[in-house]
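Peer 1: 3D model of this:
(chains A and B)
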Amino acid sequence: MRRFSGFAVAREAMRAHKGWEKQWDNPELKSSYDVIIIGAGGHGLATAYYLAKEHGITNVAVLEKGWLGGGNTGRNTTIIRSNYLFDESAGLYNHAVKLWEGLSQDLNYNVMFSQRGVMMMAHNVHDVQVFKRHVHANRLNGVDNEWLTPEQAKEYCPPLDISKSARYPVRGAALQRKGGTARHDAVAWGYARAAAARGVHIVQNCEVKGIRRGASGEVTGVETSRGFIGAKKVGVVAAGNTSHVMQMADVQMPLESYPLQALVSEPVKPCFPCVVMSNTVHAYISQSDKGELVIGAGTDQYTSYSQTGGLHVIQHTLDAICEIFPIFSRMKMLRSWGGIVDVTPDRSPIIAQTPVEGLYVNCGWGTGGFKATPGSGHVFAHTIANAAPHKFNEGYTMERFTSGRLIDEAAAAAVSH
Amino acid sequence: MLLIHCPYCAEERPETEFAHAGEAHIERSTQMGELTDEGFANFFFYRDNTKGITYERWRHIHGCGRFFNAARDTVSDKFLVTYKAGEPKPDLSEIDNQTKAGAKS
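Peer 2: This is a model prediction of the structure:
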């Protein structure tokens, strides 16, 4: 792999850009691998990359039924933050933020990570108390988070309406300055390129149809649309389709899959400096480097695999955004789309071994998995390589739903997040 | 937005009148105290999350207020049938034939 650099850009500018290489190969499928990862989204590709880089396991294939990064990696609103309440979450999500900070250099690929700050607004007394508690808990855990008065919030984000007569008055905000956004497609492409350079096979348009088991129940490989492929270990990183894939190994999951929608506006000049979230009225908004306002809506109420949702869900979030930011009330929306998110009962992921020997699962990221992509791949690769969890995903087992030791971020946030 | 037929009101109404209430036909044990931890986890947390035809509960919360069940395809989001709470799972092969016959005529 030829490295990207300022020098390379200058060199190619001099010779009509004829020297750029393919970013990854389309290799011939082998009959077996040490590890197969099902799902070439950000989490799956990151897992393959860290398996190769940190654990020296390069005989790896990442199988993708569609195209690379075409699921939730290409459909999310690219927000990165780690201001979660519980100790387990602080460990895992902050691990991810630390990896984000060096990711472009590590991958030699610009993922456009921008720490522009994530501001979560408080509209009522309950919000103020909850967010202050979050700020204190975060700081004790070494996670960056601070409390802002309405005036400080307005200074950080000038489009904000903090007038007392506002429909949703701003009573303060919690600001994580280290939070921000990254370019979602670049994350998938960067991991794919870096993993492929270390020998990982990335196989698109290859749907897994079954999981083959040996005499004592252990995994021996997967049946695919391109035939059987043997593997000692299989990692399922299939997001909304996890329940469906795990059923192939007769494992039932504590998951439900819901549509989650997002939309973007027409591109405009830079006008919105940070990420603003309002859980109470359900508005998530930031501006991409292309100039579009990127807006996240809520989940639809019913389980589905259709990758579409109802228009009333989008309208609801736009109503809230127009109330909080009157300057956007005449913006035209350009595109909206849906992705299928796999939600656990406590809204925390499962990154663990399964009852089936050789079968591992990384799922349940629900409505907020993008932010954790590097951390998720890093600890999952550790789990697969060592057949034991990393210290940051010890608590993220399936057994927690039997033992009752939940990581209840659902209750902590009081809304989907 | 989905259009949902309430079997009690006998009317098709917009989705915003209804609340989804999870997978249907999950029976709560009459002996909860004797349920094992695994049994409780299965009842409370584990779900089929079917890709295809699923049986689910809905509540006509801004209408008659009653719970009922539905069979819906989670890939197309199309309802096959809705039926009253307490009724057994309907025979879908019959409904499938009916819709096929309906499509022809």
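
Peer 1: quick one: which helix or strand includes B:Thr54?
Peer 2: The secondary structure element spanning B:Thr54 is strand B:53-59 (assigned by DSSP states H and E).

Peer 1: in what helix or strand does the nearest residue to A:Gly221 once chain neighbours are set aside lie?
Peer 2: With CB to CB, 6 or more residues apart in numbering or on different chains as the measure, A:Gly230 is the residue that lies nearest to A:Gly221, at 3.9 Å, once sequence neighbours are left out. Glycine gets a C-beta too; all of them are placed from N, C-alpha and C. Counting by DSSP H and E, the element that carries A:Gly230 is strand A:227-236.

Peer 1: what is that strand packed up against?
Peer 2: strand A:32-38, strand A:60-63, strand A:219-224, helix A:242-247, strand A:359-363, helix A:373-386 (3 or more CB pairs under 8 Å, 6 or more residues apart in numbering or on different chains; DSSP states H and E).

Peer 1: if we use 7 Å, what do you get?
Peer 2: Judged by 3 or more CB pairs under 7 Å, 6 or more residues apart in numbering or on different chains; DSSP states H and E, the packing partners of strand A:227-236 are strand A:32-38, strand A:219-224, helix A:242-247, strand A:359-363, helix A:373-386.

Peer 1: does the residue of the stretch 51-200 of chain A found nearest chain B belong to a helix, a strand or coil?
Peer 2: Nearest residue of the stretch 51-200 of chain A to chain B: A:Lys65, at 12.5 Å (CB to the nearest CB). Reducing the assignment to helix, strand or coil with DSSP: H, G, I helix; E, B strand; the rest coil, the entry for A:Lys65 is coil.

Peer 1: quick check: the closest residue to it other than its chain neighbours vs A:Ala46, distance?
Peer 2: If the residues on either side of it in the chain are set aside, A:Lys65 comes closest to A:Glu207, at 3.7 Å by CB to CB, 6+ apart. Counting by CB to CB, to the nearest Å, the gap between A:Glu207 and A:Ala46 amounts to 21 Å.

Peer 1: just B:Ala10 next, same as before
Peer 2: 52 Å.

Peer 1: which of those two has more neighbours?
Peer 2: A:Ala46 (33 against 7; other CB atoms under 10 Å in any protein chain shown).

Peer 1: the more buried one touches A:Ala372, doesn't it?
Peer 2: No: between A:Ala46 and A:Ala372 no contact is recorded; they are 9.5 Å apart, counting by CB atoms under 7 Å.

Peer 1: per-residue pLDDT, A:Ala40?
Peer 2: In this model, A:Ala40 is scored at 97, pLDDT.

Peer 1: okay, now it: neighbour count?
Peer 2: The tally of other residues near A:Ala40 (other CB under 10 Å) stands at 30.

Peer 1: same check on A:Ala381?
Peer 2: The local packing of A:Ala381 (other CB under 10 Å) involves 28 other residues.

Peer 1: now do the SS call for the nearest residue to it once chain neighbours are set aside.
Peer 2: Beyond its immediate neighbours in the sequence, the residue positioned closest to A:Ala381 (CB to CB, 6+ apart) is A:Tyr50, lying 3.6 Å away. For A:Tyr50, the secondary-structure state derived from three-state DSSP is helix.

Peer 1: quick one, what contacts A:Tyr50?
Peer 2: A:Gly377, A:His378, A:Ala381 (CB atoms under 7 Å, 6 or more residues apart in numbering or on different chains).

Peer 1: how about TSV for the residues you listed, with pLDDT added?
Peer 2: Putting the contacts of A:Tyr50 into TSV (pLDDT from 0 to 100) gives the following:
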residue	pLDDT
A:Gly377	98
A:His378	98
A:Ala381	98
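
Peer 1: show me where pLDDT drops low in the chain?
Peer 2: Answering for chain A, as no chain was given. A:412-417 (pLDDT under 70).

Peer 1: meant chain B actually
Peer 2: Using pLDDT under 70 as the threshold, the predicted model of chain B has low-confidence ranges B:96-105.

Peer 1: quick one: the helices in it?
Peer 2: B:37-44, B:92-104 (DSSP state H).

Peer 1: quick revisit: between the strand holding A:Gly230 and strand A:359-363, how many degrees?
Peer 2: Following axes from the mean of the first three to the mean of the last three CA atoms, to 10 degrees, one obtains 60 degrees for the angle between strand A:227-236 and strand A:359-363.

Peer 1: buried set for strand A:227-236?
Peer 2: By neighbour count with 16 or more other CB atoms under 10 Å in any protein chain shown, strand A:227-236 contains the buried residues A:Ile229, A:Ala231, A:Lys232, A:Lys233, A:Val234, A:Gly235, A:Val236.

Peer 1: get me the contact residues on chain B for chain A.
Peer 2: Counting by CB under 7 Å from any CB of the partner chain, chain B comes close to chain A at B:1-2, B:15-16, B:19-20, B:37-38, B:41, B:45-47, B:49, B:51, B:54, B:74-77.

Peer 1: mind doing that once more with 10 Å?
Peer 2: B:1-2, B:4, B:14-16, B:18-23, B:36-42, B:44-52, B:54, B:56, B:58, B:70, B:72-78 (CB under 10 Å from any CB of the partner chain).

Peer 1: need the buried ones from those residues selected in ChimeraX.
Peer 2: This is the ChimeraX syntax for the buried subset of those, where burial follows 16+ other CB under 10 Å:
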select /B:2,4,15,16,18,20,21,23,41,42,45,46,47,48,49,50,51,54,56,58,70,72,73,74,77
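
Peer 1: filter the residues of chain B next to chain A down to the ones in strands?
Peer 2: Of the positions in the residues of chain B next to chain A, B:4, B:14, B:19-23, B:54, B:56, B:58, B:70, B:72-73 sit in strands, assigned by DSSP state E.

Peer 1: can I get those residues in TSV with distance to A:Ile36?
Peer 2: Conversion of those to TSV gives the following (distance: CB to CB, whole Å):
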residue	distance to A:Ile36
B:Ile4	41
B:Pro14	44
B:Ala19	40
B:His20	35
B:Ala21	38
B:Gly22	33
B:Glu23	30
B:Thr54	28
B:Glu56	33
B:Trp58	39
B:Ala70	37
B:Arg72	33
B:Asp73	30
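
Peer 1: max pairwise distance over those: which two?
Peer 2: Taking CB to CB, the two most distant members of these are B:Pro14 and B:Glu23; they sit 22.8 Å apart.

Peer 1: quick check, the residue in chain B closest to chain A?
Peer 2: Counting by CB to the nearest CB, chain B gets nearest chain A through B:Asn49, at 3.7 Å.
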